[in-house]
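Asks: can you look at this prediction? I've put the sequence above it.
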Amino acid sequence: MLALQDQWIWDFWTHRVGEASDSGETCWHIWFLKADKALGDESLRHWNVTQGHAVSTDLVNWTHLGTSFTPAASPSWDDKTVWTGSVVRDDAGGWHQFYTGTCAAENGRRQRIGHATSVDGHHWQRVGDGLVLDLVDGDPVSALYEEYVLPDGGPWDGRAMRDPWVMRDPDGEGWLMVFTARVPGGEELNTRGAIGLARSPDLQTWTLCPPVFAGEFGQLEVPQILQIGGRWYCFFCNAGEHWSQDYAARHLAASGQSPVWGTHYLMAEHPLGPWQVGPAPFLDGDLPCRRYAGRIVETDQGPALMAFNYWQTDGTFAGTVCDPMPLGVDPDTGALSLRPSP
């Protein structure tokens, strides 16, 4: 697994390139959030974060390349944190990273989405000031998303606009971005979690669109959309305390499983939905949390799940990334399951 002696690792994202220049083999890049274990308290990692970078030819043995991206110099919209994102490459081979940022002036309470580019996947430069997606006062589409009003705040500890996942539009030219968000209103807070959407013709200019999914949960973190066996899946993670009362009851009745922390998925016939929550039980869930923020990697042997290891059996935070776990796919229903490695 991917581990660092002096730093914790948590959320991550990967990109596969067909040939590694030095070996002629397939090469995987992984970028991840990291923080120094010298902080002592693992909860402080979120506010003392940088991004790391490593490469591998087998998703098991990793070469750590060091820090690849850090918060901007103050004052800036992303001078406090640079959080979870995704990486794609354009038609010319250029690298593009989309990431979550927060600023010190707002005490990190408003999340926005930024853009940086690279010629090698390691050294990143912001495009302008980096900012590419934000909510705009008076914009009717922005009003479909829940805002966080400073200094009074609201029901959450901040505005959710994070974890961008960028992919080519399968219906034609251009790009899609989905991200973690919330919608306003609703009697139960745990029905406000949403998957937001934006579109771009060129990776440079982005237009905010209505959410593609909302409900069932208070938040759906680290979304990832991809196609497996002709069906579309949107993977997400969350904590059991963010399940709606209705979903928790239906899940318990269907599987006997109480709310857990972990990674699950939505299913649809199209990448923009309509989406339905995948059948119970949760794809990879435990209480206390064993793994979180799962990502699907498409290997030569089929899709597999990777996630960061959360709590260890001794009650300490692990802060490492697990080896890939192959996915099983029911050919009739499309339901997913984890299966032992060959």
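Replies: Received it, and whenever you're ready, just let me know what you need.

Asks: which parts of the stretch 201-342 of the chain are helices?
Replies: 245-255 (DSSP state H, counting those that start in this stretch).

Asks: give me the pLDDT for the residue nearest the centre of the chain.
Replies: For the chain, the residue nearest the mean C-alpha position is residue 222 (2.2 Å; CA atoms, centre = their mean). Residue 222 carries a pLDDT score of 98 in this model.

Asks: OK, contacts around it?
Replies: Counting by CB atoms under 8 Å, 6 or more residues apart in numbering, residue 222 touches 11, 84, 163, 165, 180, 235, 236, 237, 293, 294, 295. Where C-beta positions appear, they are placed from N, C-alpha and C, glycine not excepted.

Asks: please flag which of those residues sit within strands.
Replies: Cross-referencing the contacts of residue 222 against strands under DSSP state E gives 11, 84, 163, 165, 180, 235, 236, 237, 293, 294, 295.

Asks: OK, contacts around the third one?
Replies: The one in question is residue 163. Applying CB under 8 Å, 6+ apart to residue 163 gives the contacts 11, 83, 84, 85, 100, 179, 180, 221, 222, 223.

Asks: hmm, 6 Å instead?
Replies: Listed by CB atoms under 6 Å, 6 or more residues apart in numbering, the contact set of residue 163 reads 84, 179, 180, 221, 222.

Asks: for it, give me the pLDDT.
Replies: On the pLDDT scale, residue 163 gets 98.

Asks: any idea how far residue 78 is from it?
Replies: Residue 163 sits 15 Å away from residue 78, going by CB to CB, to the nearest Å.

Asks: same question, the first one
Replies: Shown here: residue 11 relative to residue 78, a distance of 16 Å by CB to CB.

Asks: so how far is whichever strand or helix holds residue 87 off the chain centroid?
Replies: Assigned by DSSP states H and E, residue 87 belongs to strand 81-89. With CA atoms, centre = their mean, to the nearest Å as the basis, strand 81-89 stands 9 Å off its chain's centre.

Asks: which residues touch stretch 32-50?
Replies: Stretch 32-50 is contacted by residues 6, 7, 8, 9, 10, 11, 12, 52, 67, 70, 81, 317 when judged by CB under 6 Å, 6+ apart.

Asks: quick one: residues contacting the fifth one.
Replies: What it means is residue 10. Shown in contact with residue 10 (CB under 6 Å, 6+ apart): 33, 308.

Asks: partner residues bridging the closest residue to residue 338 other than its chain neighbours?
Replies: Using CB to CB, 6 or more residues apart in numbering and skipping the chain neighbours, the partner closest in space to residue 338 is residue 325 (5.1 Å). Counting by DSSP bridges, residue 325 forms beta bridges with residue 305.

Asks: related to what we said a few turns ago, need the max-distance pair from the contacts of stretch 32-50.
Replies: The distance between the two most remote of the contacts of stretch 32-50 (CB to CB) is 22.1 Å, for 70 and 317.

Asks: these two: which has the busier surroundings?
Replies: residue 317 (17 against 14; other CB atoms under 10 Å).

Asks: dump stretch 85-93 to PDB, restricted to CA.
Replies: Once non-C-alpha atoms are left out, stretch 85-93 reads as follows in PDB (Å, rounded to 0.1, in the frame of the first residue of the first chain):
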ATOM      1  CA  GLY A  85      -9.600  17.100  -7.100                       C
ATOM      2  CA  SER A  86      -9.000  15.200 -10.300                       C
ATOM      3  CA  VAL A  87      -6.600  15.200 -13.200                       C
ATOM      4  CA  VAL A  88      -7.300  14.900 -17.000                       C
ATOM      5  CA  ARG A  89      -5.200  15.400 -20.100                       C
ATOM      6  CA  ASP A  90      -6.200  17.400 -23.100                       C
ATOM      7  CA  ASP A  91      -5.800  16.400 -26.800                       C
ATOM      8  CA  ALA A  92      -2.300  17.800 -26.900                       C
ATOM      9  CA  GLY A  93      -1.200  15.800 -23.900                       C
END
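
Asks: show residues contacting that stretch.
Replies: Contacts of stretch 85-93 (CB under 6 Å, 6+ apart): 13, 15, 95, 96, 97, 98, 99, 164, 165, 166.

Asks: narrow those to those in strands?
Replies: Those of the contacts of stretch 85-93 mapping onto strands are 13, 15, 95, 96, 97, 98, 99, 164, 165, 166, per DSSP E.
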